[in-house]
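*Asks:* Fold the following for me, if possible:
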Amino acid sequence: MLAIDRARNLTGFSEALDGFSVDKYQVDKSAWTEGFLTWGQAEDKGNG
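*Replies:* Numbers count the residues shown, from 1 in each chain. Predicted structure coming up:
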């Protein structure tokens, strides 16, 4: 089973099924420094 399939039932992800992705990151290294952002919010800011 893919990670995205496991995550789609988790709180937060289940409310935004089209608004998340699963990517590889190095363990013990900060890669995400800001909070949750929906695609709609990203598009409003010109990031989508």
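
*Asks:* For the rest of this, base every contact and every neighbour count on C-alpha atoms.
*Replies:* Will do.

*Asks:* Output stretch 40-48 as CSV, nothing but the C-alphas.
*Replies:* The C-alpha trace of stretch 40-48 is given here as CSV (Å, rounded to 0.1, in the frame of the first residue of the first chain):
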residue,chain,number,x,y,z
GLY,A,40,-6.6,27.4,-2.5
GLN,A,41,-4.5,29.5,-0.2
ALA,A,42,-1.4,28.7,-2.2
GLU,A,43,-3.2,29.8,-5.4
ASP,A,44,-4.4,33.0,-3.7
LYS,A,45,-0.8,33.8,-2.9
GLY,A,46,0.4,32.9,-6.4
ASN,A,47,2.2,29.7,-5.3
GLY,A,48,-0.1,27.1,-6.9
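
*Asks:* Run through who's touching that stretch.
*Replies:* Trp39 (Cα atoms under 8 Å, 6 or more residues apart in numbering).

*Asks:* Please apply the same query to stretch 18-37.
*Replies:* With Cα under 8 Å, 6+ apart as the criterion, stretch 18-37 contacts Ala3, Ile4, Phe13, Thr38, Trp39.

*Asks:* Pull out the buried members of the residues you listed.
*Replies:* Buried members of those, scored by 16 or more other Cα atoms under 10 Å: none.
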